[in-house]
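Visitor: need the 3D shape of this:
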Amino acid sequence: MVLKNKVVQQWARRLHIYISMALLLVVLFFAITGITLNRPHLFVSQSPDVIEQQLSIPTALLGSEKGRFVPDRSALITYLAKHSNVSGTPSAIDIFTDIDGDELLEGEISLDYKGPGYNATVFIDMTTAKATIESTHYGVIAVLNDLHKGRNSGEVWRWFIDISALLMVLFVLTGVCLLIPKKKTFQTGMKWMGLGSVISLLIYIFSVP
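Guide: Below you'll find the predicted structure:
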């Protein structure tokens, strides 16, 4: 049998050992944050840290080539990143204006920033060029929980989760491969796998509404 081949077993052993060491802290991270996600009332702060900031916006940023009262999103976000305490990924810009001829009677620009355990809202009064920024930090545990879920954590982190998951699958499969030549141990392992699967299924059937 191919899986009993000596070369296959050597490679399975090497992969199993090195993948387990490479993923040691990663597995611990996802295991621990699995508990903090399951019991948020025990770990997540109920009183997030809210910071409000006032900022003057250059009037040149409130218009663009698209229109006198249509801001350049890229330039505005660059300015906010440099002069305010916002972080995370910015949303699209929402614009409300009330214009009489060439006169701006009322105008507001709003956007959100989101990151792991963090969000911020930005409101800019276009008539005064003043911005009000409210940032909310939910604490370290909330950051870790969001990283576990890949929430507001960016494309690179999502790829990290995908690759880690694939390596975990490979780690499990190489473990099974190493057991196959050991007939008695493999049979015992299969029995434990069956028992664990049945118990998991029963818990789901009788506990999930």
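
Visitor: what is the neighbour count of Lys6?
Guide: Per other Cβ atoms under 10 Å, the neighbour tally for Lys6 reads 8. All C-beta atoms are positioned from the backbone trio N, CA, C, and that covers glycine.

Visitor: same question, Gln9
Guide: 16.

Visitor: likewise the one 5 residues further on?
Guide: Applying other Cβ under 10 Å, we find 11 residues neighbouring Arg14.

Visitor: can you tell me the SS state at it?
Guide: Following DSSP: H, G, I helix; E, B strand; the rest coil, we place Arg14 in the helix state.

Visitor: tell me the pLDDT of it.
Guide: pLDDT, Arg14: 89.

Visitor: tell me which helix or strand in this protein has the weakest average pLDDT.
Guide: Across the helices and strands of the chain, mean pLDDT, DSSP states H and E gives its lowest value to helix 40-43, namely a mean of 83.

Visitor: now it: buried residues?
Guide: Phe43 (16 or more other Cβ atoms under 10 Å).

Visitor: how far does it sit from the chain's center?
Guide: Here helix 40-43 is found 19 Å from its chain centre; the criterion is Cα atoms, centre = their mean, to the nearest Å.

Visitor: got it, and stretch 74-90?
Guide: 20 Å.

Visitor: swap in stretch 146-157?
Guide: Taking mean C-alpha positions (Cα atoms, centre = their mean), stretch 146-157 and its chain are 2 Å apart.

Visitor: any residues touching that stretch, and which ones?
Guide: Stretch 146-157 is contacted by residues 29-30, 33-34, 37, 88-89, 114-119, 158, 161 when judged by Cβ atoms under 8 Å, 6 or more residues apart in numbering.
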